[in-house]
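[1] model this:
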Amino acid sequence: MTWNWGTGIVLAMLGFIGFILYFVITMSTDKKYSHDLVTEDYYAKEMAYQNEINAETNTRNLIERIKSKKVSNGWELRFPKEFDTDKIKGTIVLYRPSNQQLDFELPLVFEDHVFHIPNNNLIQGRWNIIMEWVYQGQSFMYKEKIVY
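    Next up, the predicted model:
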């Protein structure tokens, strides 16, 4: 058999195809590469997406914005003064994209229009904050991505 440029091209293509097939099969069958959805019940959440859009719109239409900042003993969310915080019913979910075991949920309890997330619940890195509440029959939702 003579080696010429045509044979080299065919062998290179076969080698590349073999590499791609090996890579696809390895990624599909190895259990350490998880292919789970990022959140549980993804499709059920998708069906309720319009309600989320409406709640986020209600939050954007507030006169004063929610202010969020890192403080020495945790993370602080300052609510607008237009709310009577005693009448707010809701929860805050802190979602860690890199590790589902670190996710947690807290009820909304305010001290002078401020909600505080303590240091012991947070570790350094990226977090998604999703705060949902109902005030006088109207739904609100606040989302923010933070790096703690």
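[2] Quantify the burial of residue 54 by counting its neighbouring residues.
    Residue 54: 13 surrounding residues under other Cβ atoms under 10 Å. Backbone N, C-alpha and C define where each C-beta goes, glycine included.
[3] Tell me which helix or strand comes right after the strand or helix carrying it.
    Here residue 54 is covered by helix 49-60, with elements defined by DSSP states H and E. Under the assignment DSSP H and E, the closest C-terminal helix or strand after helix 49-60 is strand 67-71.
[4] got the domain boundaries for the chain?
    1-35, 42-147 (automatic domain parsing).
[5] If we ignore the residues flanking it in sequence, what's nearest residue 130?
    residue 93 (4.6 Å; Cβ to Cβ, 6 or more residues apart in numbering).
[6] Which of the helices or strands spans the one you found?
    Counting by DSSP H and E, residue 93 is part of strand 89-95.
[7] State the distance from the residue nearest to the spatial centre of the chain to residue 137.
    Using Cα atoms, centre = their mean, the residue of the chain that lies closest to the mean C-alpha position is residue 128, 4.5 Å off. Distance of residue 128 to residue 137, given as Cβ to Cβ, to the nearest Å: 27 Å.
[8] Great, nothing more from me.
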